[in-house]
Each structure stands twice: as C-alpha cells, then as structure tokens.
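S.K.: coordinates for the following, if possible.
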Amino acid sequence: MSTSKPQRSPAKIEDIILRKIFYVTLTDSTTAAAAPDPRVVYLEMTAAEILSEGRDLLLSRDLMERVLIDRLSGTFPAAEQPFPYLVGCYRRAHEESRKIQSMKDKNLRSEMEIVTREAKRLAVSYCRIHLANPDMFGSVDDKPIGGVGVGMKKRSVSPLLPLIFSEVGSGSLDMFGGGSSSGGGAQSPPGFLDEFFKDSDFDNLDVILKELYEDLRSTVINVSVLGDFQPPLRALKYLVSLPVGAKSLVSHEWWVPRGAYMNGRAMELTSIVGPFFHISALPDNTLFKSQPDVG
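M.R.: Okay, here's the model as predicted:
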C-alpha cells in the first residue's frame, strides 16, 4: 500500500516561492549534495538576526522588504547589479503568480497571490529608488554617453531605456517600414512599466524621466532619416502619453532652452525635442551633418 506524500505547510510554500523570486536563502547551501545556484545569495547576517528573534529560518511576507534591502545593500561578488536583479525579481514574481493559479486550495492560492503581488510592488518600488538614487545600493556603470549637449552632465544611460524600447518597439510596420527594436535583447516583464510609472511620488519619477529624456535626445542628435531613429521616437511618444511624463518634459530646463544667443539652430541642438525635428532627408551643413549621410 503506497503512502501519500506529506503536504508542505503554507509557511513552507511561501518560503519556497519567495526564495525563487528574490534569489536569496537563509540557510547555508554549501554543504548540499548538489552544487548551489550561483545566483542565489546566502544572507548569513540576516539569518542570524532572525534566529536571535526566535523565529524560523523561513522567508515570509513580513520579512520580504527586510530581506530585499539586505540583498541590495550587501556585497556579493557573483550577484547581479541592482537594476537587472530587481527587474528579474518582478519577472519571477509574475511567473510564480501564473504557476499558483493551478493550486486547488482556494485559500492558499489567495494567500500566495497576495505574496506575489507584494513582491512585484516591492521590486518596482526599489527600482524607482535605485534609479533616482543610483549610489544607494552600490555604484553603477560610469561609461559616458555621446552627443551630450551644452550644460548636460555626462553619465550612464538609464537602464530603463532598453526596457522602454522593448515595450514600444513591437507592433505593426509604419510608413517607413520600421518594426524592430533597439532594446539590445532586454525585455520588459509584462506589466512592469505600467506599474513603474503609476501611483508614485512625482519628485522621484521626475528625476528618472528627465534623465530618460536626455538619453533619448542624445540617441538621435546625430541620426539622419536613414538611421535607426524610430525606437527613440516611439519611446518619446510613449513617455509623453503618460501624465507624469508630459509634466516632467515641460518642466525640464531644456524643454525651452534660454540664452542670449539662442536662435533656431541652437534651439534645435540644445532642446530635448529639437534633435527629433532635425531628422531629415535633406542635406545639411557639414557641421551639422547626421549619419548615415543622406548626400
């Protein structure tokens, strides 16, 4: 007579789901027979604190944010950088939310849905915090971007931009035949950008949006009509369609640049949207020629 397999407790199921989402563990896996996943981080100090509080070493909803902060704040050589890690957390939470739909126990399914929703909310929230304060959880890539205009500080391109390109790059072909995306392989998880740009403090999003507008401007400043200008143009259209995005754009200092020698050409070169109007099939002065050359 076969014996039934013992069922896991709700607390254990919650722990398993959260470990899969956040790629963290509270128990040392180096002694396990199988090789540990290098992406999973052992939070030894956090585990010691939890034990000192008389609690079991199980991840739970009330420990979620604490564990996430410790993961982002710690130094783990093999771990992902904050932004791709957080986007990955959101993606894994989305995948887990789909898997739990097959649970037969309605009460358990409802509880786990709350867990995955909260995990997604935290991932988005800390993405905003990280992008608005990039030094908070470690350094970011300091590779400068090209085409930076007068008064614009050189910095890294926002890692959010490839996700926006992936979101707006798919769709029907337009009059120019463009249908590709320059997202460089990065894909935005379903619902991530919608969550990112809604129900948030404007001041935090404003910093992020203004940097995105500067990045988009720099992307097309030397691009002719023969170049790959459509993904940035679609991204600009997407951002200004958001109330918070439109508000951020018109409050940018380079929305309407001012200066004693500001003429039409200077406006085109220094404003945020000017480079998009510069895109043309008509030949231009050698000093302002775009690539690929239209002749």
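S.K.: which helices and strands sit right next to the worst-scoring helix or strand of the chain on mean pLDDT?
M.R.: Using mean pLDDT, DSSP states H and E, helix 264-270 stands out as the lowest-scoring helix or strand of the chain, at a mean of 78. Applying 3 or more Cβ pairs under 8 Å, 6 or more residues apart in numbering; DSSP states H and E, one finds that helix 264-270 contacts helix 274-278. C-beta: built from backbone N, CA, C; applies to glycine.
S.K.: now the helix it packs on: mean pLDDT?
M.R.: For helix 274-278, mean pLDDT rounds to 82.
S.K.: buried residues, it. List them.
M.R.: By neighbour count with 16 or more other Cβ atoms under 10 Å, helix 274-278 contains the buried residues 274-276, 278.
S.K.: what's the answer for stretch 99-113, then?
M.R.: Result for stretch 99-113 [16+ other Cβ under 10 Å]: buried residues 100, 111-112.
S.K.: need these in CSV with distance to residue 206, secondary structure and pLDDT, can you?
M.R.: Below are those laid out as CSV (distance: Cβ to Cβ, whole Å; DSSP: H, G, I helix; E, B strand; the rest coil; pLDDT from 0 to 100):
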residue, distance to residue 206, secondary structure, pLDDT
100, 36, helix, 95
111, 36, helix, 95
112, 35, helix, 96
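S.K.: in TSV: those residues, plus distance to residue 186.
M.R.: Formatted as TSV, these follow (distance: Cβ to Cβ, whole Å):
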residue	distance to residue 186
100	27
111	33
112	28
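S.K.: between these, which is closest to residue 125?
M.R.: Nearest to residue 125, judged by Cβ to Cβ, of the buried residues of stretch 99-113 is residue 112 at 20.2 Å.
S.K.: surely that closest one touches residue 12?
M.R.: No: with contact defined as Cβ atoms under 8 Å, residue 112 does not count as touching residue 12 (11.9 Å).
S.K.: and of the buried residues of helix 274-278, the nearest to residue 76?
M.R.: Checking these one by one against residue 76 (Cβ to Cβ), the nearest turns out to be residue 275, at 40.0 Å.
S.K.: hang on, the earlier thing: keeping just the C-alphas, turn the least confident helix or strand of the chain into PDB.
M.R.: In PDB, the C-alpha atoms belonging to helix 264-270 read as follows (Å, rounded to 0.1, in the frame of the first residue of the first chain):
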ATOM      1  CA  GLY A 264      16.600  78.300 -34.300                       C
ATOM      2  CA  ARG A 265      19.700  76.200 -34.800                       C
ATOM      3  CA  ALA A 266      20.800  76.500 -31.200                       C
ATOM      4  CA  MET A 267      17.200  75.600 -30.100                       C
ATOM      5  CA  GLU A 268      17.300  72.500 -32.300                       C
ATOM      6  CA  LEU A 269      20.700  71.400 -30.900                       C
ATOM      7  CA  THR A 270      20.100  72.000 -27.200                       C
END
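S.K.: and that helix, which residues are buried?
M.R.: 267-270.
S.K.: starting at the chain centroid, how far to stretch 104-113?
M.R.: Centre-to-centre, stretch 104-113 and its host chain are 29 Å apart (Cα atoms, centre = their mean, to the nearest Å).
S.K.: quick one: contacts of it?
M.R.: 10, 13-14, 17, 96-97, 100-101, 103 (Cβ atoms under 8 Å, 6 or more residues apart in numbering).
S.K.: return the subset of these lying in helices.
M.R.: 10, 13-14, 17, 96-97 (DSSP state H).
S.K.: now, of those, which are buried?
M.R.: Buried residues within the ones in helices among the contacts of stretch 104-113, counting neighbours by 16+ other Cβ under 10 Å: 13-14, 17, 96-97.
S.K.: I'd like these laid out as TSV, including pLDDT and distance to residue 217.
M.R.: Listed next are these as TSV, based on pLDDT from 0 to 100; distance: Cβ to Cβ, whole Å:
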residue	pLDDT	distance to residue 217
13	95	48
14	96	45
17	97	42
96	97	38
97	96	37
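S.K.: would you state the helices of the stretch 101-250 of the chain in chain order?
M.R.: Using DSSP state H, counting those that start in this stretch, the helices of the stretch 101-250 of the chain run over residues 106-132, 160-168, 192-196, 202-220, 230-240, 243-250.
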